[in-house]
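*Asks:* the sequence isn't on hand, but the structure is:
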C-alpha cells in the first residue's frame, strides 16, 4: 500500500512533508483535504488527526500527524533513501532539533498569523487586519535578524546539517520585503 499524505494545497507543513517525501524518494499519494469546505472537521478526518489539521499520513494503517514527527519517522524508516536529515551524531542531531524548535516557537507562530491575515483571509473573503499584519511583520523581521546572525557564523541554520523540514516551512510562507 502506498503511503497517503493528507494535505491542503496552501498548507506549508503539508507541502514540507511532500517535499521531504520527494527528497527521500518515497512514493506517496497526495489526498487533498479541502479546508475551505471543512473536510478537516469531518468525523472521518478527525479520526486521523484529532486536532483537525493537515498534514497527516497513513502508512499502511499507521497514522501519524504533525509535520516534524512525520519527517523524523520517515527519515528513520528510510535511512538509505535520499539524504539523511536527522543525523545519528548526538551534537548534530541536537542542532537539528534546536532549529526545529526555534522555527516552531520563534518563527512559526508569527508566520502563521501573517499567512492567515494576508493569504487565508483573502481566500475566504475576509478582511485583513492591518494592525495584526504590521505587528506580525515586526516580530518576524526581528526573528529573521536572529536567523541572519546565526547564518553569518555557519553554513546552515543547524550548523553543517541542512534541516529540510524547518527550512521549507520557514521559506514557503514569508518573503521579507522592506
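*Replies:* Cool, got the structure. On a predicted model such as this, the values are computed, not experimentally measured, just so you know.
*Asks:* low-scoring stretches of the protein, by residue?
*Replies:* Low-confidence segments of the chain (pLDDT under 70): 163-178.
*Asks:* could you pull out the strands for it?
*Replies:* 3-7, 28-32, 56-59, 62-65 (DSSP state E).
*Asks:* so which elements touch the last one?
*Replies:* The one in question is strand 62-65. Other elements packing on strand 62-65 under the criterion 3 or more CB pairs under 8 Å, 6 or more residues apart in numbering; DSSP states H and E are strand 56-59. The C-beta positions use only the backbone N, C-alpha and C, and glycine is treated the same way.
*Asks:* show me what the strand it packs on is in contact with.
*Replies:* 3-6, 17, 28, 48-49, 63-65, 70, 73, 77 (CB atoms under 8 Å, 6 or more residues apart in numbering).
*Asks:* quick one: residue 144 and residue 41, what's the gap?
*Replies:* As judged by CB to CB, to the nearest Å, residue 144 and residue 41 stand 33 Å apart.
*Asks:* which one of the two has more residues nearby?
*Replies:* Per other CB atoms under 10 Å, whichever of residue 144 and residue 41 has more neighbours is residue 144, with 14 against 11.
*Asks:* could you break the chain into its assigned domains?
*Replies:* 3-77, 90-173 (automatic domain parsing).
*Asks:* circling back: got a winner among the contacts of strand 56-59 for most neighbours?
*Replies:* Neighbour max across the contacts of strand 56-59 (other CB under 10 Å) = residue 17, 29 neighbours.
*Asks:* and that residue, what does it touch?
*Replies:* Contacts of residue 17 by CB under 8 Å, 6+ apart are 5, 7, 55, 57, 67, 70-71, 165.
*Asks:* go again using 6 Å as the cut-off
*Replies:* By CB atoms under 6 Å, 6 or more residues apart in numbering, the residues touching residue 17 are 5, 55, 67, 70.
*Asks:* so the residue lying closest to residue 150 once chain neighbours are set aside versus residue 82, what's the distance?
*Replies:* Closest residue in space to residue 150, ignoring its immediate chain neighbours: residue 157 at 6.0 Å, by CB to CB, 6 or more residues apart in numbering. To residue 82, residue 157 is 20 Å away according to CB to CB.
*Asks:* residue 142 too?
*Replies:* From residue 142 to residue 82 the distance is 34 Å (CB to CB).
*Asks:* which one of the two has more residues nearby?
*Replies:* For residue 142 versus residue 82, the count of surrounding residues by other CB under 10 Å is larger for residue 82: 17 against 11.
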